[in-house]
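Q: sequence and predicted model, in that order:
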Amino acid sequence: MQPQESLSGKVVFVTGGARGLGAAICVAATVQGATVVVADINGAQAGITAENLMRDGARAMAIELDVGDERAVVTGLEHTVARFGRLDAVINNAAIDMTLPIEELEAQAWERVLRTNLTGPFLVAKAAAVIMRRQGGGQIVNITSTAARRAWPNASVYHASKWGLLGLSHALHAELRPHRIKVTAIVAGGMRTPFLLDRFPDIDVDTLQDPANVARAVCFALTQPEETVIPELMVLPMRETSWP
């Protein structure tokens, strides 16, 4: 059996990397030897997360990044390559939500969520693919959600963005495989992260999972042998309420 690879010597770019699942992915990747770029719209928090990683002996860099800004995305990825010499993986994790009934959801809010959750991953994947094709391969991981498989009230734009991201991920898997670029969708169930806890303070935390567990799944996808790709991986808490 071919041994599983490590992340030693690899450069991993994580959007929304400052806190929650993004920060957990950064920690898990550095534990396995990766150099991590913490990219987040909150530049100050990204800097703190990167400093904490470096304090623990990891190689890390923070970038303030709005994933919906194409020029900023291209610049951020080019800066990563200039600093570290390569780009092995991008993790499209940045996401926002607007929990409202459709009659209260304004078009501007709809477009802002789609810009972050769907257009952002498209822009990151597009720019990363150019770099990865040039260097002979790489991997794109898209963090989707059980919201890409089922639906619940007052979350129309979040569902639209995550169903769209899952479709984009599978389309890129088919398109980029001939160029040795792996594309993986991580379908994550509810996690104990600020993304949920800040908006739903009454949520039963016992039905949620530790984001570190999902981060381990991301690293599992990243450390498959060169001949193997995982197009989709679902990671649920044992008491997931939005999935049977």
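A: All right, it came through fine.
Q: Asn117 versus the spatially most central residue of the chain, what's the distance?
A: With distances taken as C-alpha atoms, centre = their mean, Asn93 lies nearest the centre of the chain, 2.4 Å away. Going from Asn93 to Asn117 by C-beta to C-beta, to the nearest Å gives 10 Å. (Glycine included, C-beta is placed from N, CA and C.)
Q: then Trp152?
A: Where Asn117 is concerned, Trp152 sits at a distance of 16 Å (C-beta to C-beta).
Q: compare the two (neighbour count), which wins?
A: When Trp152 is set against Asn117 and neighbours are counted by other C-beta atoms under 10 Å, the residue ahead is Asn117, at 27 against 13.
Q: now that one, what's its secondary structure?
A: Under the three-state scheme (DSSP: H, G, I helix; E, B strand; the rest coil), the conformation of Asn117 reads as helix.
Q: doesn't Ala95 make contact with it?
A: Yes: applying C-beta atoms under 8 Å, one finds Asn117 in contact with Ala95, separated by 4.9 Å.
Q: name the residues contacting each of these two.
A: Common contact partners of Asn117 and Ala95 (C-beta atoms under 8 Å, 6 or more residues apart in numbering): Ser161.
Q: in the protein, where is pLDDT below threshold?
A: 1-4, 191, 193-201, 204, 207, 241-244 (pLDDT under 70).
Q: so in it, which helix runs the longest?
A: Secondary structure of the chain per DSSP state H: the longest helix is helix 156-176.
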